[in-house]
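Undergrad: structure of the sequence below:
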Amino acid sequence: MALRRLADQLEDAAVEQAMRAGWSWPQVSEALGVTRQAVHKKHAKRLIAAGVKLRRRGDERV
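TA: Here you go, the predicted structure:
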């Protein structure tokens, strides 16, 4: 149980760091080996609450 919590905390931190660095949902999902929808469902609310600006489909990095 403690190992699962640690793994979840590490994933949360890595996803937040990736999104702050401008990664897209598909990039994050590929890195985690899950669907875009799964990673969005698991992390979006927490990231919004943390003040992370989320990319939307069609957003281009400049």
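Undergrad: so G22: helix, strand or coil?
TA: Going by DSSP: H, G, I helix; E, B strand; the rest coil, the secondary structure assigned to G22 is coil.
Undergrad: quick check: it touching K53?
TA: No. G22 is not in contact with K53 according to C-beta atoms under 8 Å; the separation is 9.2 Å. In short, each C-beta sits where N, CA and C put it, glycine included.
Undergrad: which residue is nearest the middle of this protein?
TA: Centroid check for the chain by C-alpha atoms, centre = their mean gives V15 as the closest residue, at 3.6 Å.
Undergrad: could you measure from W23 over to A2?
TA: Applying C-beta to C-beta, to the nearest Å, the value for W23 to A2 is 28 Å.
Undergrad: of the two, who's got more company?
TA: Ranked by neighbour count (other C-beta atoms under 10 Å), W23 and A2 place W23 first, with 17 against 6.
Undergrad: related to what we said a few turns ago, and the residue nearest to the centre of the chain, what is it in contact with?
TA: Each residue near V15 by C-beta atoms under 8 Å, 6 or more residues apart in numbering is listed here: 28, 32, 39, 43, 47.
Undergrad: can you check the pLDDT for G58?
TA: On pLDDT, G58 comes in at 67.
Undergrad: now do K45
TA: Looking at K45, its pLDDT is 96.
Undergrad: what packs against the one helix or strand it maps to?
TA: Assigned by DSSP states H and E, K45 belongs to helix 36-49. Where contact means 3 or more C-beta pairs under 8 Å, 6 or more residues apart in numbering; DSSP states H and E, helix 36-49 is packed against helix 2-20, helix 25-32.
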